[in-house]
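**Student:** from the sequence below, what's the structure:
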Amino acid sequence: MNAPFQDELLQGGTPENEAVDTTTYTQEGDSAAPLDRSGQRAATVQVKEAVFVNKEWDQLAYPYRTRWIAWCIITAGWASSLAAVMMRGGAVEWFMLSVFSMIIIISGLAPIMAAKGLTAMRMMPQEMTREGGQLEISLKIKRSLLIPIVWIAISDETSNESSSENTKISVRSVLIPMFRQEMNYRYTLHNLRRGRYPFEPISITVGDWLGLSAIHKRLYTAGEFVVLPGLPHADQVHKAERARGTALYAVQSLTADPSTDHLGDAGREEIKAAVSAAGLGPDSRPYREGDSLRHLDWRSAAKGRGLQTKIHPLERPAKTVIAVDTLASAYGQDDRLFDACVGWASLALAQSASLGHAVTLLLGQGSPVMQSSVDGGTQSDLSEMLHAMALLRADGKGSLAGRLAEESNLQARGSTILVFTADWRGGRSWGELAGFAGEQGCRLELFIITRSNVPTFAMREQQKWLESGGVKVTWLHVPSSMNALPYAEEGGDNHELA
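**Tutor:** Prediction:
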């Protein structure tokens, strides 16, 4: 039985030891879009809304800047006061000169001196997590001169290089160090999506309390983390609430009950059954002296094929080929659809490794082939494969079926080929691959990821045609928990929301 199938947000932040300004999430588009009747993503209202939110936040979080017009007026006033002191030297003239001089010292010289000798360090307890997981990051800012009458704004940003949508997560905060030489700021990234996330240089702005000056610096600190593919569980539901006059905030809903993903459970059972069936059924080889007579293939001998010895699964490890389709047109620039495809494939990979199968991983068109050892591989083999899957992008060209047919060395006799794709329209190529796999004595299963709740007539016809050719088709859905947007939250695991 096929599995049934089914078819953003800013967060405030404060440092550990000082007041906070803002912590934000920004992105240039979201893949969670409404669906049309064909089961694919329609032109995207949600994406437009996300872009609108970005423009709104860019207006609210306009970079701090020096007020040059105000400084021109202050400079003119100071020069006039100095001229008046030299000409008249009265108390009023001296008072005005003192006021303008203090403004220049406090709002001009103090930020410039405070910006000298600044250093930054980024620390992460781990550099790898899973899809839908979280990561805690700490920033440590040090300064050489203890200038008390300034504020320091920090901005940290990372982007997902594996996403075609250029998804970014930004964190901004304002610290008032006073007489402290070292400042710490800690934040946590939630609902992280599959991919590689390199950090941008830390942007630091030093300003005065009157808001007249802003000294900008960019401190280059190397750092990145990788989010491995997987299928997150919807343990907590987040609601988007709007704070008046500020950005969007993602807060946990205390009234929402954890929902059970029945469709996901059914899909997991299908993959488990497909992986467990890999290598089942006896094969045969020429008879060797010493083979047990109980294992002789008497039917083959009766047909004049000579003496053959049956080989059972216990005598040889099952061989599984897992192929991930990276054809760009198959996903329609829907990153979450592709992430779900890679997540389901990673589940099959993990289950195959746990059963001791020899796994061959084909990461799309034009990507290198990765293989585990004959005895099922080690934990390092699995980690290396998952890491390679985390870096995948849906930018492939050409047919994956053609690539599999060309790589004849992948299909060892008796192996099982599991193909994960969203290209349900490519029935002809999958049918040709099924015929080729049959000639090689392999079994082919096709797992098609879709956002649709109900299969369309065209989908059902494609499935009937493929299954008539001996290809088992399983429809897998995009888990609803994968639609949650990443967001940043102040503090770490022990931080309590106000």
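
**Student:** ok, residue 70 - contacts?
**Tutor:** Residues near residue 70 by C-beta atoms under 8 Å, 6 or more residues apart in numbering: residue 212. Where you see a C-beta, it was placed from the backbone N, CA and C, and this is true even at glycine.

**Student:** adjust the sequence numbering to begin at 697 for everything that follows.
**Tutor:** New numbering, starting at 697: the last item is residue 766.

**Student:** what's the helix or strand for it?
**Tutor:** helix 764-783 (DSSP states H and E).

**Student:** can you give me the helices in the stretch 947-1096 of the chain?
**Tutor:** 958-972, 994-998, 1024-1027, 1031-1050, 1075-1086, 1096-1102 (DSSP state H, counting those that start in this stretch).

**Student:** show the average pLDDT along the third one.
**Tutor:** Rounded to a whole number, the mean pLDDT of helix 1024-1027 is 87.

**Student:** residues in contact with that helix: which ones?
**Tutor:** 1033-1034, 1037, 1090-1093, 1117-1119, 1122.

**Student:** 7 Å instead?
**Tutor:** Contact with helix 1024-1027 is made by 1033-1034, 1090-1092, 1117-1119, as judged by C-beta atoms under 7 Å, 6 or more residues apart in numbering.

**Student:** for those residues, which one is nearest residue 774?
**Tutor:** Of all the contacts of helix 1024-1027, residue 774 sits closest to residue 1091, with 58.8 Å by C-beta to C-beta.

**Student:** and the helix holding residue 766, what's buried?
**Tutor:** Of the residues in helix 764-783, 767, 770, 774, 777, 780-781 count as buried by neighbour count, 16 or more other C-beta atoms under 10 Å.

**Student:** can I get that helix in CSV, CA atoms only?
**Tutor:** Provided in CSV are the C-alpha atoms of helix 764-783 (Å, rounded to 0.1, in the frame of the first residue of the first chain):
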residue,chain,number,x,y,z
TRP,A,764,26.3,65.2,9.1
ILE,A,765,23.8,68.1,8.9
ALA,A,766,23.7,68.3,12.7
TRP,A,767,27.5,68.2,12.8
CYS,A,768,27.7,71.1,10.3
ILE,A,769,25.5,73.1,12.5
ILE,A,770,27.5,72.2,15.7
THR,A,771,30.8,73.0,14.0
ALA,A,772,29.4,76.3,12.8
GLY,A,773,28.2,77.1,16.3
TRP,A,774,31.5,76.1,17.9
ALA,A,775,33.4,78.2,15.4
SER,A,776,31.1,81.2,16.0
SER,A,777,31.4,80.8,19.8
LEU,A,778,35.2,80.6,19.5
ALA,A,779,35.2,83.8,17.4
ALA,A,780,32.9,85.5,19.9
VAL,A,781,35.2,84.5,22.8
MET,A,782,38.2,86.0,21.0
MET,A,783,36.4,89.1,20.2
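
**Student:** list the buried ones in stretch 797-804?
**Tutor:** For stretch 797-804, using 16+ other C-beta under 10 Å, the buried residues are 799-800, 802-804.

**Student:** correction: stretch 875-889
**Tutor:** By neighbour count on 16+ other C-beta under 10 Å, the buried set for stretch 875-889 is 876, 879-889.

**Student:** distance-wise, check the residue of the chain most remote from its centre relative to residue 777.
**Tutor:** For the chain, the residue at maximal distance from the C-alpha centroid (C-alpha atoms, centre = their mean) is residue 784, at 69.3 Å. Distance of residue 784 to residue 777, given as C-beta to C-beta, to the nearest Å: 11 Å.

**Student:** so what's the residue count around residue 1156?
**Tutor:** Residue 1156 has 11 neighbours, counted by other C-beta atoms under 10 Å.

**Student:** from residue 821, how far off is it?
**Tutor:** Distance of residue 1156 to residue 821, given as C-beta to C-beta: 49 Å.

**Student:** per-residue pLDDT, the residue positioned nearest the centre of the chain?
**Tutor:** The geometric centre of the chain, computed from its C-alpha atoms, lies nearest to residue 889 (C-alpha atoms, centre = their mean), at 2.3 Å. Looking at residue 889, its pLDDT stands at 92.

**Student:** in three-state terms, label it for me.
**Tutor:** Following DSSP: H, G, I helix; E, B strand; the rest coil, residue 889 is assigned to coil.

**Student:** wait, it touches residue 857, no?
**Tutor:** No. Shown here, residue 889 and residue 857 do not form a contact pair, counting by C-beta atoms under 7 Å, at 11.6 Å.

**Student:** where do the helices sit along the stretch 797-946 of the chain?
**Tutor:** Counting by DSSP H, counting those that start in this stretch, the helices of the stretch 797-946 of the chain are 806-810.

**Student:** where does it have low pLDDT?
**Tutor:** Counting by pLDDT under 70, the stretch 797-946 of the chain has low-confidence residues at 929-946.

**Student:** mind doing that once more with 80?
**Tutor:** Applying pLDDT under 80 to the stretch 797-946 of the chain picks out residues 861-862, 928-946.

**Student:** ranking the contacts of helix 1024-1027 by neighbours, who comes first?
**Tutor:** residue 1034 (31 neighbours).

**Student:** need the contact list for it.
**Tutor:** Taking C-beta under 7 Å, 6+ apart, we find residue 1034 in contact with 1027, 1090.

**Student:** how many neighbouring residues does the closest residue to residue 1125 other than its chain neighbours have?
**Tutor:** Nearest non-adjacent residue to residue 1125, counting by C-beta to C-beta, 6 or more residues apart in numbering: residue 1097, 3.9 Å away. When neighbours are defined as other C-beta under 10 Å, residue 1097 has 25 of them.

**Student:** okay, residue 1156 and residue 1005: tell me how far apart.
**Tutor:** 44 Å.

**Student:** which stretches in the stretch 797-946 of the chain count as strands?
**Tutor:** 815-819, 824-826, 831-838, 846-855, 864-871, 878-886, 891-894, 898-904, 910-915, 920-924, 934-938, 944-948 (DSSP state E, counting those that start in this stretch).

**Student:** got the ones you listed as a markdown table, with distance to residue 1165 columns?
**Tutor:** Listed next are the strands of the stretch 797-946 of the chain as a markdown table, based on distance: least, C-beta to C-beta, whole Å:
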| stretch | distance to residue 1165 |
| --- | --- |
| strand 815-819 | 54 |
| strand 824-826 | 36 |
| strand 831-838 | 45 |
| strand 846-855 | 43 |
| strand 864-871 | 45 |
| strand 878-886 | 45 |
| strand 891-894 | 36 |
| strand 898-904 | 57 |
| strand 910-915 | 58 |
| strand 920-924 | 35 |
| strand 934-938 | 44 |
| strand 944-948 | 47 |
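
**Student:** closest one to residue 1052 among the ones you listed?
**Tutor:** Residue 1052 lies closest to strand 920-924 among the strands of the stretch 797-946 of the chain, at 21.4 Å (C-beta to C-beta).

**Student:** what lines up beside the closest one in the sheet?
**Tutor:** Counting by DSSP bridges, the strands paired with strand 920-924 are strand 824-826 (parallel), strand 891-894 (antiparallel).

**Student:** any idea which of those strands is most buried?
**Tutor:** Greatest average neighbour count among the strands paired with strand 920-924 goes to strand 891-894 (a mean of 20), per mean count of other C-beta atoms under 10 Å.

**Student:** show residues contacting it.
**Tutor:** Here strand 891-894 has contacts from 854-859, 920-923, 1086-1087, using C-beta under 7 Å, 6+ apart.

**Student:** before we move on, what about stretch 770-787?
**Tutor:** By C-beta under 7 Å, 6+ apart, the surrounding residues in contact with stretch 770-787 are 789-790, 792-793, 796-797, 799-800.
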